[in-house]
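In: Pasted the sequence and its predicted model underneath.
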Amino acid sequence: MPLLVEYVRTALLCERAAAAMRADGGPITNAGKLSPWFGVSQRAARTLMVLSARLRLNPQSRSHPRSIARQSLRPPSAYDQDLDDDA
């Protein structure tokens, strides 16, 4: 539960940073300086990526290493084999 709460908080922070940058004219402000929200956005996005892996929300974290190993040990099907061996 705490990971999920932190994921939601970080997602909201990411949205807030994006809204603040949009209001200031983007990552580079109208004054020509880098927005302070840009760093916040970058750190929040990185945190979201880590938390999504921990919560198993991304496809890479959903696949189990044992099932991947089992798939590689299966003999190839007729569709996987090259049918032009005799040519």
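Out: The structure has been received and is ready for your questions. Numbers count the residues shown, from 1 in each chain.

In: Spatially central residue for this structure, please.
Out: By Cα atoms, centre = their mean, the chain has its centre lying nearest to Met49, at 4.7 Å.

In: Which helix or strand contains that residue?
Out: Secondary structure from DSSP states H and E places Met49 in helix 36-54.

In: what mean pLDDT would you report for that helix?
Out: For helix 36-54, the mean pLDDT works out to 93.

In: Next, the buried residues of it.
Out: Within helix 36-54, the residues that count as buried by 16 or more other Cβ atoms under 10 Å are 37-38, 40-41, 44, 47-48, 51-52. Where C-beta positions appear, they are placed from N, C-alpha and C, glycine not excepted.

In: Summarise which helices and strands that helix is packed against.
Out: The contact analysis (3 or more Cβ pairs under 8 Å, 6 or more residues apart in numbering; DSSP states H and E) places helix 36-54 against helix 2-24, helix 59-62.

In: Name the helix or strand of the chain that has the lowest mean pLDDT.
Out: Within the chain, no helix or strand scores below helix 65-73, which has a mean of 62 by mean pLDDT, DSSP states H and E.

In: Contacts for the helix holding Met49, please.
Out: For helix 36-54, the external contacting residues (Cβ atoms under 8 Å, 6 or more residues apart in numbering) are 3, 6-7, 10-11, 13-14, 17-18, 20-21, 24, 27, 58, 60-61.

In: now the angle from that helix to helix 2-24?
Out: Angle, helix 36-54 to helix 2-24, by axes from the mean of the first three to the mean of the last three Cα atoms, to 10 degrees: 150 degrees.

In: returning to what we had before: let's have the helices and strands packed on helix 36-54 in a markdown table, adding distance to Ala78 and mean pLDDT.
Out: What follows is the helices and strands packed on helix 36-54, written out as a markdown table (distance: least, Cβ to Cβ, whole Å; pLDDT from 0 to 100):
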| stretch | distance to Ala78 | mean pLDDT |
| --- | --- | --- |
| helix 2-24 | 44 | 93 |
| helix 59-62 | 28 | 73 |
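
In: That'll do, ta.
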